[in-house]
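Peer 1: Have a look at this prediction, sequence included:
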Amino acid sequence: MPDLATLTIAGPITTLTFNRPDAHNALSIAMLTDAHRCMDEVESLARSDSAPTVLVVTGAGRSFCAGMDLKEVIIEDDPTLPVQLLESLARLTHRIRLLPMVVVGRVNGAAIGGGCGLVTVCDLAITHADAKLGFPEVDLGLCPAVVAPWLVRKIGPGKARQVLLSGGLMSGATAFEFGIVSSTVETRDELDGAVRKLTNTLATGGREALGATKKLLNTLDGSNDLDILLEAAKLSASVLATEDAQNRLKARRK
Amino acid sequence: MIRTETIERDGRSIAVVLLDRPEKRNALTPDMLAALCTALEEAPKTHDAVVLAGEGKLFCAGFDLSLCKDDPSGETMRKLLTRLSRACTIMRRTEKPVVIAAHGAAIAGGCALLGGGDVVVSDIHAKLGYPVTKIGVSPAVSAPFLSYNVTTGTSREMLLVPELVSGEAAHAKSLVHELVDLREDVRDKAISIAANLADKPSHAYAATKSLLNQLEGTDDGEAFRLALDASLALTGGEEEQRLLAQLDL
């Protein structure tokens, strides 16, 4: 089986790619496990002399990450799968945030639910105007608990309330207006140029200075708090297990 | 290099505290920041409001890096960072209105001073930002002040990306509150705003500002200490010295 998440190292810039393009990089336990394995490698690189300055996070194919894999959250055989998946996602977001390098989301296409949550964990993110982003959890009878703390830190509690309670999807352009991404380009073709320009600018910064700054920002905005994320994973799993949510998810799969 | 002028406007007495080193683009030295702290402490005692402005073509280009380059011990940088943090805290804690007139450019330590103001005025073409990681310095010291004005997401973006943004973009991010077209008009606009704020019942202004400070955590000072310590921890280090040495001044 191919790696469901891969790491590419190029000087000061390392790239983490979610690699399930046929499934729009949906979050499965196996893909998350591979992403955690990549994080082991990134964390060990960060401690070495050749530590990268920037980590780019992106998705293979047309989508960034379409959210939870429905196959693993419809409870039929194994009711422990959703909580495993959500806890693994919670831990992954925390690990990404605590990296000393600057993390840039290259949001190449759809970033939905937990996938959009991964965008908000990044220090910076770029997408294109037509990409579809958002948190449709409430529409599906679910609670976007794991992503909520990250969205609040990104855009403030007032706007986060509006976005998470309204559900639905928005364009990349609207996501930029909300502050979910830090910049947008007009078309998908312009994305790589914009990402290159940003990562090159970031790489002119001193690695230690960037790391120290990020560490302080994490302290000030509460990013170090893993417990709140694990609690959130439990809450999300309990809402997901309700009959209403399960019926809606099954209807969606058909 | 620091001068206070008194301007009477609409019956109110405004202290205009000036960064006055235009030949060096108002680059900050440790002595200048010490004098600035004193001026910012004294001005509210004798005036109804304070405007912080810069002489010459721009507000402030940041720390005088030639002094830092000549001091590999990092002591100069430590003094600059500590006094900068103190100047911002004084402005934040004073009960009187404080308005910053950031015309032309407010860069690095100059941009950090914006964090002390109740209101920040700039012009559409001004250049603002904290590109100091390029010289191995962490702008962490500015983080608490910046995050009072912008979301923590924007604060992260502005502190981690070492580049400048226009006054117009800074206004969109809420780092700048009032925007004028021409840099020549910034100071006058700031004085008008200060006079307007000084016209409010002073006890109500003081009580409200003090409550906002409490809610933000300005009073407790823990965030300021953490932030300053994060910046101080790197001073005199290998990375800072290497990047400063490469700097063409």
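Peer 2: Looks like it arrived, so ask away. Numbering: from 1, shown residues only, chains lettered A, B, ... in the order given.

Peer 1: So the most centrally placed residue in chain A, which state does it fall into?
Peer 2: Taking Cα atoms, centre = their mean, the centroid of chain A lies closest to A:Leu118, which sits 0.9 Å from it. Three-state assignment for A:Leu118 (DSSP: H, G, I helix; E, B strand; the rest coil): helix.

Peer 1: Quick one: check the top helix by length along chain B for contact with chain A.
Peer 2: Using DSSP state H, we find that the single longest helix of chain B is helix B:75-93. No. On the criterion Cβ under 8 Å from any Cβ of the partner chain, helix B:75-93 is out of touch with chain A, staying 11.9 Å away. Just so you know, the C-beta spots here come from the backbone N, C-alpha and C atoms, and that holds for glycine as well.

Peer 1: Can you list the buried residues in that helix?
Peer 2: Neighbour counts over helix B:75-93 (16 or more other Cβ atoms under 10 Å in any protein chain shown) mark B:76-93 as buried.

Peer 1: Now do the helices in chain B.
Peer 2: Going by DSSP H, chain B shows helices at B:30-46, B:65-69, B:75-93, B:109-112, B:143-149, B:152-160, B:167-172, B:186-198, B:202-216, B:222-232, B:238-245.

Peer 1: right, I mislabeled it, should have said the stretch 151-254 of chain A
Peer 2: Taking DSSP state H, counting those that start in this stretch, the helices of the stretch 151-254 of chain A run over residues A:157-166, A:172-178, A:191-203, A:207-220, A:227-240, A:243-253.

Peer 1: out of those, which comes closest to chain B?
Peer 2: Ranking those by their distance to chain B (criterion: Cβ to the nearest Cβ) puts helix A:207-220 first, at 4.0 Å.

Peer 1: So which bits of stretch B:17-37 are buried?
Peer 2: Residues of stretch B:17-37 classed as buried by neighbour count (16+ other Cβ under 10 Å): B:17-21, B:25-30, B:32-33, B:35-37.

Peer 1: my bad, should have said stretch B:213-230
Peer 2: B:213, B:218, B:223-224, B:226-228, B:230.

Peer 1: Just confirm yes or no for the worst-scoring helix or strand of chain B on mean pLDDT near chain A.
Peer 2: None of the helices or strands of chain B scores lower by mean pLDDT, DSSP states H and E than helix B:143-149, at a mean of 89. Yes. Contact of helix B:143-149 with chain A (Cβ under 8 Å from any Cβ) involves B:143-144, B:147.

Peer 1: Highest neighbour count among those?
Peer 2: Neighbour counts for these (other Cβ atoms under 10 Å in any protein chain shown) peak at B:Ala143, which has 30 neighbours.

Peer 1: got the contact list for that one?
Peer 2: For B:Ala143, the contact set (Cβ atoms under 8 Å, 6 or more residues apart in numbering or on different chains) comprises A:213, A:216-217, A:220, B:155, B:159, B:223, B:227.

Peer 1: likewise A:Ala131?
Peer 2: Counting by Cβ under 8 Å, 6+ apart, A:Ala131 has contacts A:64, A:107-111, A:171-172, A:175, A:188.

Peer 1: neighbours around A:Ser44, how many?
Peer 2: A:Ser44 has 10 neighbours, counted by other Cβ under 10 Å.

Peer 1: In chain A, what residue comes closest to chain B?
Peer 2: Nearest residue of chain A to chain B, counting by Cβ to the nearest Cβ: A:Gly205, 3.3 Å away.

Peer 1: Look up the pLDDT of that residue for me, please.
Peer 2: Looking at A:Gly205, its pLDDT is 95.

Peer 1: Torsion angles phi and psi at it?
Peer 2: phi -80, psi 150 (degrees, to the nearest 10).

Peer 1: who touches it in this structure?
Peer 2: A:53, A:102, B:133-134, B:160, B:162.

Peer 1: again, 6 Å this time
Peer 2: Listed by Cβ atoms under 6 Å, 6 or more residues apart in numbering or on different chains, the contact partners of A:Gly205 are B:133-134, B:162.

Peer 1: Not counting its neighbours along the chain, what's nearest it?
Peer 2: Closest residue to A:Gly205 apart from its sequence neighbours, by Cβ to Cβ, 6 or more residues apart in numbering or on different chains: B:Thr133 at 3.3 Å.

Peer 1: Distance check, the one you found against A:Leu202.
Peer 2: Note on B:Thr133: its distance to A:Leu202, by Cβ to Cβ, to the nearest Å, is 9 Å.

Peer 1: Between the two, which has more neighbouring residues?
Peer 2: B:Thr133 (29 against 23).

Peer 1: Where does chain B get nearest to chain A, residue-wise?
Peer 2: For chain B, Cβ to the nearest Cβ, closest residue to chain A: B:Thr133, 3.3 Å.
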